[in-house]
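Asks: heads up, no residue letters with this:
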Ligand code: HEM
């Protein structure tokens, strides 16, 4: 999205020793630049390119439906649900399992020890006092007992990650040794070195496998880097996908005719038996209209409304504006997605603008930054659609998030109809707030009615 005259602003020392610094602003993909970033991205890319664990996501969706159904008295009784916290529980469990085979257990119990710990740490990252004066917690932590307690919680969280890393590494080493013994070879490859076998493995295992295969330590991730990346996958992947799913439910509640059309597609592709069907990869690629709905949601209410700042590496000019070397600039994705020069009636929710002759191929599973074709009559430049950014620093979790959304929405459509309550605060337009730079709906209550 940015040319070489702009580089990502290195985030680092300012936050050392703070909760934000220990949790997020560390040696991870989001924060590092130049050679460090190249190394990390090269290692992480194959893990994110594997085929997605749809059966796992599907099982967790079935679990969520059971929780919802347990609070209804019958198929005809609607139930009102605050959607955003519910989606957060689902995303936390899918991401925990897919990232490092850790089940937060959030769907079953949103108040369990690990969920509360994670939420506490995340909220603490935003505390205004320490965001403005990070030296307070670096040098005078003892003056702030509550802050100190949260540091201890974070230590427990990071220790847990280290424990999981150690266990996984030992398990993989054992497997490797077994294979070597069996094959009688000097150099055995770990169990899944091929992309196509990745689907059942979590991201952490895939990255550790890389470490075990690599002989040059300069091309491997240290445990600190592994942990820091796991933290950032949560920060970057949990709230964003949660918000995307919540907004999607909102738009479909506001537009029942679009909801029904999407449901008919789900029935056509997955069948209409009254039972939870988990889409296969093949089926998920056939969900053309549902993909259009997802794209339009990401355009009109994208969870990331701007990119993190870039710094001009030299005096340059952008759109006729002179930008001196060292200036920080950013891109507003919101403006990009609502610019009337590129989008016909940008404030109207209209999935049709993503219809195209090649929409069959347009499944959100490739690695092209702008794989989402756009109807040329509605938008004059497909590069204007970039909810996951674009270029070399495009979101690494894009395919994962698209896979989650394309699994969840058809399952939900087959199982429930939903609408906005009469007294909803969102009747006119969706009310949002921003947490950790992610835009999400506030108190979005939705009435759900079971189909089966
Ligand atoms: C709807 C869901 C998501 C949206 C809208 C989104 C959006 C974005 C955007 C706009 C960026 C670029 C930020 C910048 O350069 O300033 C980004 C980067 C990133 N995202 Fe996502 N993201 C989503 C889901 C995920 C998921 C599921 C993960 C991981 C599990 C993830 C991990 C990352 C990481 C690690 C980066 C930094 C990549 C790099 O700089 O190489 N994201 N995301």
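Replies: Right, received. Where do you want to start? A quick note: this is a predicted structure, and the numbers were derived from the prediction, not measured.

Asks: Would you check how far apart the residue in the chain positioned nearest to the ligand and residue 384 are?
Replies: As assessed by C-beta to the nearest ligand atom, the ligand sits closest to residue 397 within the chain, at 2.1 Å. Where you see a C-beta, it was placed from the backbone N, CA and C, and this is true even at glycine. When distances are taken as C-beta to C-beta, to the nearest Å, residue 397 and residue 384 turn out to be 22 Å apart.

Asks: give me the low-pLDDT residue ranges for the stretch 301-450 of the chain?
Replies: 357-381 (pLDDT under 70).

Asks: quick one, strands of the stretch 251-400 of the chain?
Replies: 310-312, 316-318, 321-323, 328-329 (DSSP state E, counting those that start in this stretch).

Asks: could you say what helices and strands the second one packs with?
Replies: In terms of contacts (3 or more C-beta pairs under 8 Å, 6 or more residues apart in numbering; DSSP states H and E), strand 316-318 is packed against strand 321-323.

Asks: what's the offset of the longest strand seen in the chain from the middle of its chain?
Replies: Among all segments of the chain classified by DSSP state E, the strand with the greatest residue count is strand 445-450. For strand 445-450, the distance between its averaged C-alpha position and the chain's averaged C-alpha position is 25 Å (C-alpha atoms, centre = their mean, to the nearest Å).

Asks: Stretch 230-247 too?
Replies: Between the centre of stretch 230-247 and the centre of its chain there are 4 Å (C-alpha atoms, centre = their mean).

Asks: what does stretch 51-61 give?
Replies: For stretch 51-61, the distance to the chain centre is 15 Å (C-alpha atoms, centre = their mean).

Asks: Does at least one residue of it sit close to the ligand?
Replies: No. For a cut-off given as C-beta under 6 Å from any ligand atom, stretch 51-61 has no contacts with the ligand; the smallest distance is 10.8 Å.

Asks: Adding distance to the ligand and mean neighbour count, write the strands of the stretch 251-400 of the chain out as CSV.
Replies: Supplementary listing: these in CSV, determined by distance: least, C-beta to the nearest ligand atom, whole Å; neighbours: other C-beta atoms under 10 Å:
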stretch, distance to the ligand, mean neighbour count
strand 310-312, 8, 18
strand 316-318, 17, 13
strand 321-323, 18, 11
strand 328-329, 12, 14
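
Asks: quick one, which of those is nearest to residue 84?
Replies: Distances from residue 84 to each of the strands of the stretch 251-400 of the chain were compared using C-beta to C-beta; the shortest belongs to strand 310-312, at 30.3 Å.

Asks: Which secondary structure state is assigned to residue 417?
Replies: strand (DSSP: H, G, I helix; E, B strand; the rest coil).

Asks: ok now do it, which residues does it touch?
Replies: 259, 263, 448, 449, 451 (C-beta atoms under 8 Å, 6 or more residues apart in numbering).

Asks: let's go with 7 Å and repeat that
Replies: Under the criterion of C-beta atoms under 7 Å, 6 or more residues apart in numbering, the neighbours of residue 417 are 449, 451.

Asks: What residues sit buried inside the helix ranked longest in the chain?
Replies: Among the elements of type helix in the chain, defined by DSSP state H, the one spanning the most residues is helix 145-183. Buried residues in helix 145-183, defined by neighbour count with 16 or more other C-beta atoms under 10 Å: 147, 150-151, 153-154, 157-158, 161, 164-165, 168-169, 172, 175-176.

Asks: since we're on the closest residue to residue 305 other than its chain neighbours, how many residues are nearby?
Replies: By the measure of C-beta to C-beta, 6 or more residues apart in numbering, the closest residue to residue 305 outside its immediate chain neighbours is residue 334, 4.1 Å from it. Residues contacting residue 334 under the criterion other C-beta atoms under 10 Å number 16.

Asks: need the residues of the chain near the ligand, please.
Replies: With the criterion set to C-beta under 6 Å from any ligand atom, the chain comes near the ligand through 29-30, 41, 232-233, 236-237, 240-241, 244, 302-304, 307-308, 387-389, 393, 395-397, 400-401.

Asks: still on that earlier bit, verify the contact between the residue of the chain closest to the ligand and residue 239 for me.
Replies: No. With contacts defined as C-beta atoms under 7 Å, residue 397 does not count as touching residue 239, sitting 11.8 Å away.

Asks: Let me know the helix or strand that the residue positioned nearest the centre of the chain is in.
Replies: Centre of the chain computed as the mean C-alpha position; nearest residue by C-alpha atoms, centre = their mean is residue 237, 2.7 Å away. Mapping residue 237 onto the secondary structure by DSSP states H and E places it in helix 223-254.
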